[in-house]
Every structure is written in C-alpha cells, then in structure tokens.
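Novice: Give me coordinates for this.
(chains A and B)
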Amino acid sequence: MNKTNLMALGLLSLSATLTSSAVFAGGNDDPLLTKVMLDQFEKGVDPQDPTQFSAQAWLGYDLNKLWLKTEGEYSNSDKQDLEIQALYSKPIAPYWDVQFGIKTDIKPTPNRNWAVIGVQGLAPYFFDIDAALFIGEQGRTAMRVSAEYELLITQKLILTPEVEVNLFGKDDAELGIGSGLSDVSAGLRLRYEIVREFAPYIGVDWRQKLGNTADYARSEGEDTQETQFVIGFSAWF
Amino acid sequence: MKSQYMIKPMIQTTNSELNNSRRRFVFGASAMLALMSIPFPKNAVANALSQSLSQLSGKVFDLSIDYKMVNFTGKSARATVVNQLLPAPLLRWKEGETVTLRVKNNLDHDSSIHWHGIILPTEMDGVPGFSFDGIKPGETFEYQFTVQQSGTYWYHSHSGYQEQIGLFGAIVIDPATPDPVIYDRDYVIMLSDWSDEAPENIYAKLKKQADYYNYRERTVMDFFSDVDKNGLANTWNARSMWNNARMSDSDISDVTGSTYTYLMNGNPPQQGWQGLFKQGEKVRLRFINSSAMTIFDVRIPGLKMSVVASDGQNIQPVSVDEFRIGVAETYDVVIEPEVDNAYCIFAQSIDRTGFTVGNLTSDASLHAPIPPMDPRPVLGHSDMGMDMSGMDMSGMDMSGMDHSKMAMGAGDMPSMDHSKMDMGGGDMPSMDHSKMAMGGGDMPGMDHSKMAMGGGDMPGMGHSKMAMGGGDMSGMDHSKMAMDAAKATVSGLGLAGFGSNNEIKHIDTEFGPQVDMRADAPKSGLHDPGIGLRDHQQQFNRKVLTYGDIKGLHPTYDTRQPSREIQLHLTGNMNRYMWSVNGVKFMDAAPLEFVYGERLRITLVNDTMMTHPMHLHGMWSELETGDADFIPRKHTVLVQPGSKISYLVTADAKGQWAYHCHLLFHMPGMFRKVVVK
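Specialist: Numbering: from 1, shown residues only, chains lettered A, B, ... in the order given. Here you go, the predicted structure:
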C-alpha cells in the first residue's frame, strides 16, 4: 500500500469532517489546536545504553484529531529502532478514543508497514491505556498494549509506573521476532514538573524478551533481559 | 436570624419603618461583632495608590474602546479598556430616563457592549449575531434605550474574550421613586480576575490538559494521611467512586490563582481598594462579580451585612456574615461600620487559591487585618448528583427502593458502592419530611430540598406513616406543612414559586463522548450555601446567604402559574474540556423558542461538578425560592454541582436573546439562543 496516499486520504477525511465554527457572541468554542508531547526523551546511565524517545502529537478539534505517534531507540549504527504512526482519532465514549491509520517501522530494516486500529483513553482508576492491533503485509499481525499511571507525590513530583506488552501473529525471522508474546517491559519514572510543560526525570526501565523472540535473541548471542537506569525529560506544548 | 426572613415586610410600609427595623438589627449585630476586629495602623509603604472607580453620569455617554498596557502582576500585559480605564467607568443612570451611549471601537477586532441585566430592546442588547452586528473596528455604535429599572448592574464586551482582559464596568441606576434602601454613602465593589496570559491561550491549555491550573490534586501523601485518619478500607471506598468516575474531587475552578490575580475595583490584593466612611453612616456596598471564571465568597470580618438587593432588584433584607457571588451576579449590602475602626472587605475565590481585599475605614491611617483564607472545598458525592453517604434515612423503609435509577452516567461508573448508605431498615419513626426532596412523580409543589432521592421511582417506599392521604399530593408544601387547596388543582407542573416537580430526564443527546456525568438524583440547590460554605455556620458561626433566603421586596410581578416547563441540563466533559446544554453545544443547537407573553418555568439540572452561573438576557429569571407572593427577580442564577434549580420567566421581550453560562470558557459551548415570538 502506498503510504503517502493513505496519509493524504487520512488528511482529506479529517478536513472533510472539520467544520469551521465562527466566532459568535463569545470565543470560538472549538478552535483548531495542536499539541506536541515529547513523553520520553532519555539516555541510559551506562555509556553502552541507548538513547530513546517516545513522542505524540495531535492536530484537530474536540471530536476529530489527526494523531501522530513515534518512538525510537539509538545506541549505535547497528542497533536502531524507529517507528511512526499516523492515525485518525475519534472519541467513542467520554474517556475513550478509537484510532485508526498506518504504522511504519523504518528501523530496523527491512522496514514493515501496518494498518492500525486501536483505542486510547483513561480507564477507571486513572490508568492511561493505549491498545492497538496492527495488520501488516504477508499476513503479519501484531498487538501492543500499554498502561500508565501517575502517582502524585506532590503536585509537581510525579511517579509514573508503566507496562507494555507486544504480541505477534507469526515469526519474522529477519527481524528476530517470534510469534506469540514477544516482549514485556516495565518502567518507573520520577519526574519533577518545573512547569506543566517541562519535567526532567530519572527512571528505571526493564525489558524481557519472551518465547520465540527470546530464542532468536539467544541464538544471536543477545541478552533476553535488559535493565537500565535512565535520565531524561518530558515536554509538551 | 431565622426571624429575619420569616417576617414579611409589607411593601406598603413607609421607608422609615422598613429602615428602622433593619437599622436596629444591623446595629445590634455589628456592635457585637465589631469587638472581634482590631485595626492597626497602616503600613506606610503598602497601599500607596488605591484606585477607585471613576464615574460618569447623565443621559449621553461617550465610550471609547481601546487597547492599553496594564501591570497588575509586575509584568506588562495588554488589556482592552473603556475610556482608558480598567474597570471601565461607572455609569450612573436614572430610572425612567432615556440614555444614549456612543461606543467607539478602536480595536483591531469587532467589539460590543452588553448591558448586563438591563431590560431593553433586543437590538440594544449588544450580542453580536443576535439582532446586532457588533461594532466593527473604527466604527461607533449608538445605543439608546429607556431605563426601566433601578439598582446595581454592569456592562461588558460580548465579543471574543475581551471581557476577560478588562472590558467591563459598573452601572448604578438611581430609582425614580424614593429608594426603599436607606444609606448615607454607597460604593461599588467590582471583583474581577486578571491573567497576563491571553485568554485564547488559557482556553487552549484547558483543552490540552483540563487540570492544567489545578495544583490541588490528591497526592499519595493525602492518601496516607486519610488512611491514618480513617483506615485503609474507608479511604479506599471513599476514593473508589472518584477513581471509577475518573474525576477529581479537587476540581473546583478550571482556572485558578495559579494564573489569576484577583482585583477589587482594579486593585490587586497587595494594594487593595480603600473606602472611607464617616461616623454613624450606613454604607451601601454594591458588589459586582465581573470575573471571567471566578466565583467569590465575600465577608467583612466584624460586620453583619444586610443583603438588600440581588442582581439589582430589591429583596427583603437578610442579615448574613458571608455570601457567595457567582460570575455576573450582583449583591447590594448595607453595613453600619463603627467610627475609628477599619474593616477588611474580603473576597476569596471559591477554590481558595486567591483573594482580593478592600479596606473600609473612617480613618485613612487605619488598616484592617486580612483574614486567612478558609479551608479549600472538596467535592462530595452530592456534587455529582448523588446523595448517599450523608443521607440520614434511619427512619425510613426503603427496602423496595430502586437503586439502579440512581447510578450515574450509565456505564461510566461500574461497581458503584452503595454499601455506604446508611438507611437503617424497616421502621420509620420520626421521619422528617422537611429535609427530603423527592422531586418526582406525582408530588408537585413539595419542597423537600434537603434530600435528593432521584426522579420518582421509589416503589416500596414506606409512605404509610406520612400523614398525607394518598394519591394526589400536588401543591403540598412540606416545609410549612400547609396545603393551599385552591391552588392544588394545578397538575403536572408545580406551583409558581415552589419549583419543579417534573421527573429528571436525560435525553438521548446527553449520551456520548461529550458528556462525562449525569446527575440522576439532583438535589435542590435552593438551601445549599454551596461547596466550601456548607460547614461555615457550624464551624465559624457565620450565617451564609442561600438562594432560599431571598424573597423579593416587591410582590411577584406576574402572578400567573407557569403554562409549561423547559428542563435544561448543563453538561460537559471536563477531561476534554467541552461544555454544552443537553449534550449539544451552541453551534449545533436549535434555538429555544418562547411564545411572546407566556409564563414558563425553566428547570436547570447541573450534570457537572462545576458551579455554573446561568444568565438569560432580556427577561428576568424569577427564582422560585418558596414564596409565591414575593418571587425575587434575578438575571444570573448559580446552579450548584449535581443540583437543580427552577425559575419562572415571563416572555415579554420579542426578539433573539442569549442564554448562557457566564463562565467565559464555558460560554462558547454552554450557550443557547432564545427566540421570543
């Protein structure tokens, strides 16, 4: 599938659903807004550890948004990860949005493209949930679920535990991915919001490869488990 | 204090009689409380330049709207002002006269002035898009109308967010006949909120992160201290509803003192406003809340306040220690300060994130101490339209009560915990109906405002011990246990003056991503002092004004019964920062249609946890406070969280009118056009 076409289609359908609301007897109730969130930008404490980032951005109105998500990792020229998602986001319930669009894994190579359908929102007890199903070429499927919680120690000092699991429908030997539950990761980050929009943090990240994926890693002589201490910051505007 | 509003002053009494009774009362109270306030000499550095309002009077006014750089915070910011003043000049009119106001717009954008609470032709109301095109840049619009009322009002821009950045001023209209309120001196006290941030940016931040300005969220420390106090199980249960609902019990104001500086007559708190009085003077303070987003609680430590007018209209005097003033409301109070003393006029924001002050003294060298702010309010279950844990039902048989109807926002609150409800059991000795609100089914006219049990479906509720007979209970006023047989024939609708009996219905449009809460058991907001004030009587021995205390001084103007009722639900999604009426925002809504000449009731149901000041243009909102003969007239009505309130409207003004929440950032969505034809 041609990515650019799909992207254009997404933009077109977005703009078609956007209505321009006139300023009428007060402020405009639903202005076109953008929000860019660099959720994590961090470096492992150990010099060997990679630099990682995770970011999102949206453009749109209350009920219709174009949503971009990207995350990546860089340690050396051999070991790189970079993925981008372009999604259309539409609320289906007070706290839940359904999102669909495309995802492309630029690194590692060979790159993979996926169609995405997911939900993002706030579950009871204030858990931030992002769950998505990915449908790729040649019958590939994958699923990712992540949950995050914000624990306020003070109004500005915030502890954020999070977990993420990844599942794949079939083996992708080229990329060292096995079918089934492939990896689970957990993180704990303590940030200080100097202002709402900017917060440096320290944290710990733990990842475990599982099943066939772990087997691939072992056969390559890689670790199946990693734990690293990180320093980073988050920001939004 | 009770006797104060039990006594119904007859309108025929002479002014002096009315005045004497009030004078005696106020004097006694102030003498008692004055001992508590000890003034001290003013700090010579502070309060160097207290700004007072500048006044224009006459019949013809030239007003010029301009940009001006102002500095309230130590930082310069751009304001929109009238005649280079913030607040805009105080306009003093005379009832019965025709006033002409030539308003020149020197801004780069369209502007307008709306005369808030003034009864006038629709094309003079100043709402762009409603029989008026707004004032284009460089143009002058001439407003002209005959003043048909007296009292304290105000004016402000109705374009964009200009009101937030300074475009507001006071109006005082002197009555054509002798004023029933006796006073020697009057001051306008204009309360407002100022931010250096552009209003568009504040709004955008709220859309991106709704709790951006809330630095009072629950922390882990709070949790541990609650566990320490109440035990783990109780703390967990108390939190579980909020956690399930994904709502915050500290969400009192959307925009707080973290960005706002609160002003009194344009003076920030470090500076304060100052007013002088002379020995023996009765001082009338005309409070106007011209804030964009801030509801204030006002008191003057050491002085009783006799509330004599609400929204410009005279009321039967009520002696209070404290009152809440919603955005756009006005209250006139008369005080009798003692000579050689200083008093602090203290207005704290509803969320206790800031305050503004004035110093009222007979000697400019005296400065009253500023009291500390009261504890911050925390929302309770009743503010979500459920009244459970606090319900005292020990005397009632509710075995058959259908609790499923009391669950909020179907699907949004799984596993609601009813176990906290203390309902006693089978027997119902000493059931106190004066505290109950059943508001439903077949009981029109009943005033049970203290307890909400939801819309009418209470099979199995033991009525057997209630001495009411059976089936038709219309017209029963339980607060007085008196039934007006002649009026009881009105069926379906409640009697004028007593509010609605209709079932609370959530229509289809209220269900969707745009609405995060629906109050299925809204209590009456009439006798509720409001969040953060409910315990002030008990805790500080302060009498706090409630709407239930307000009775018109003039007998009810239109004594007809309402011919129909419109139930409107104030709705929103806090997290997405979307606001609407019945789940439909203004841009998507059909106008509300009133028939010219009809008398109707509007019942507002607040399906949110915010307190909304609802303002109807062009016609009075006649608040049903429980006395059909003295229904007070208001232009802005506070609707308490998770509560309902009713008022009557006589549709005597043809044209298109605005009807909206006066919180500036709720207004764009929580807005309706009203068409009277």
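Novice: burial measure for B:Arg534, as a count.
Specialist: Neighbourhood size, B:Arg534 [other Cβ atoms under 10 Å in any protein chain shown]: 16. Backbone N, C-alpha and C define where each C-beta goes, glycine included.
Novice: typed the wrong thing, it's B:Ala77
Specialist: 17.
Novice: Contact partners for it?
Specialist: Taking Cβ atoms under 8 Å, 6 or more residues apart in numbering or on different chains as the criterion, B:Ala77 is in contact with B:69-71, B:165, B:196.
Novice: Are any of these buried, and if so which?
Specialist: The neighbour-count criterion (16 or more other Cβ atoms under 10 Å in any protein chain shown) marks B:70, B:165, B:196 among the contacts of B:Ala77 as buried.
Novice: pretty sure B:Glu593 is touching B:Tyr659, no?
Specialist: No - counting by Cβ atoms under 8 Å, B:Glu593 does not reach B:Tyr659; the two are 11.9 Å apart.
Novice: Which one of those two is surrounded by more residues?
Specialist: More crowded of B:Glu593 and B:Tyr659, by other Cβ under 10 Å: B:Tyr659, with 23 against 12.
Novice: Could you measure from the more buried one over to chain A?
Specialist: From B:Tyr659 across to chain A, the span is 11 Å (Cβ to the nearest Cβ, to the nearest Å).
Novice: show me the contacts for that residue.
Specialist: B:Tyr659 sits in contact with B:592, B:614-617, B:671-674, where contact means Cβ under 8 Å, 6+ apart.
Novice: Go again with 6 Å.
Specialist: B:616, B:672, B:674 (Cβ atoms under 6 Å, 6 or more residues apart in numbering or on different chains).
Novice: mind giving me TSV with those residues and columns for secondary structure and pLDDT?
Specialist: Converted to TSV, those look like this (DSSP: H, G, I helix; E, B strand; the rest coil; pLDDT from 0 to 100):
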residue	secondary structure	pLDDT
B:Leu616	strand	98
B:Arg672	strand	96
B:Val674	strand	97
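Novice: Take the buried ones among the contacts of B:Ala77 and lay them out in CSV including secondary structure, distance to chain A and pLDDT.
Specialist: Shown next, in CSV, are those (DSSP: H, G, I helix; E, B strand; the rest coil; distance: Cβ to the nearest Cβ, whole Å; pLDDT from 0 to 100):
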residue, secondary structure, distance to chain A, pLDDT
B:Val70, strand, 21, 96
B:Ile165, coil, 12, 96
B:Asp196, coil, 14, 97
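Novice: Among these, which one lies nearest to A:Ile92?
Specialist: B:Ile165 (37.3 Å; Cβ to Cβ).
Novice: Does that closest one touch B:Val81 like I think?
Specialist: No - using Cβ atoms under 6 Å, B:Ile165 is not in contact with B:Val81, being 8.7 Å away.
Novice: Tell me the residues of the stretch 101-250 of chain B that contact chain A?
Specialist: B:127-129, B:158, B:160-161, B:204, B:207-208, B:212, B:215, B:217, B:219-220, B:243-244, B:246 (Cβ under 6 Å from any Cβ of the partner chain).
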